[in-house]
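Peer 1: Got a predicted model here, sequence first, then my questions.
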Amino acid sequence: MTRPGSLAEVARRSASRRELGYALPEFLDEFAAHPDPSSLTQEPELLRERFEGGEVGDAYLAAVAVTLARSIGTAPPPWVWKDRRKLREPWFAHPGAALRATLLLESPAAFRERNLFVSHNALSRA
């Protein structure tokens, strides 16, 4: 199977959190090889309607789009600013309380803006 060519395709391939965990890194590899802003423009389907915890995926895809758009010097697509792309309650990439302070400090702005708290290298593939 070929790598997803857009964030919308990542969502189409993700019927579960696990599938999202496979499709998103594949897209990140594709974007790194061919940084095309058009791969960010189409709004992905809402994952909250597909699987439990999908609202985290909805916010995460928006944060990824903002991060990647900024990395290539283009404006993020309008869909990333919609309220349904933000979490009401904070979500931490690690469940343990011991790492929360680190995640609060390290989380990139695009993630923090959506109430997602991840490591500084959450999108790193190295």
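Peer 2: Structure's in. What do you need?

Peer 1: alpha carbons only for contacts and neighbour counts from here, please
Peer 2: Noted.

Peer 1: For the residue of the chain most remote from its centre, give me the pLDDT.
Peer 2: Within the chain, Ala98 marks the point farthest from the mean C-alpha position, 23.7 Å out by CA atoms, centre = their mean. Predicted confidence (pLDDT) for Ala98: 83.

Peer 1: For Pro90, see how far away it is.
Peer 2: 16 Å (CA to CA, to the nearest Å).

Peer 1: Next: Thr41.
Peer 2: In terms of CA to CA, Thr41 sits 26 Å off from Pro90.

Peer 1: the more surrounded of the two?
Peer 2: Thr41 (18 against 12; other CA atoms under 10 Å).

Peer 1: got the contact list for that one?
Peer 2: Taking CA atoms under 8 Å, 6 or more residues apart in numbering, we find Thr41 in contact with Pro76, Pro77.

Peer 1: Would you mind pulling up the elements that the helix or strand bottoming out on mean pLDDT in the chain packs against?
Peer 2: Lowest by mean pLDDT, DSSP states H and E among the helices and strands of the chain is helix 100-106, with a mean of 92. Judged by 3 or more CA pairs under 8 Å, 6 or more residues apart in numbering; DSSP states H and E, the packing partners of helix 100-106 are strand 116-117.

Peer 1: Just the mean pLDDT for the strand it packs on, thanks.
Peer 2: Taken as a whole, strand 116-117 carries a mean pLDDT of 96.

Peer 1: Ok, stretch 78-86 next?
Peer 2: Mean predicted lDDT for stretch 78-86 stands at 98.

Peer 1: Would you mind listing the outside residues contacting that stretch?
Peer 2: Glu43, Glu55, Asp58, Ala59, Tyr60, Ala62, Ala63, Ala65, Val66, Glu113, Arg114, Asn115.
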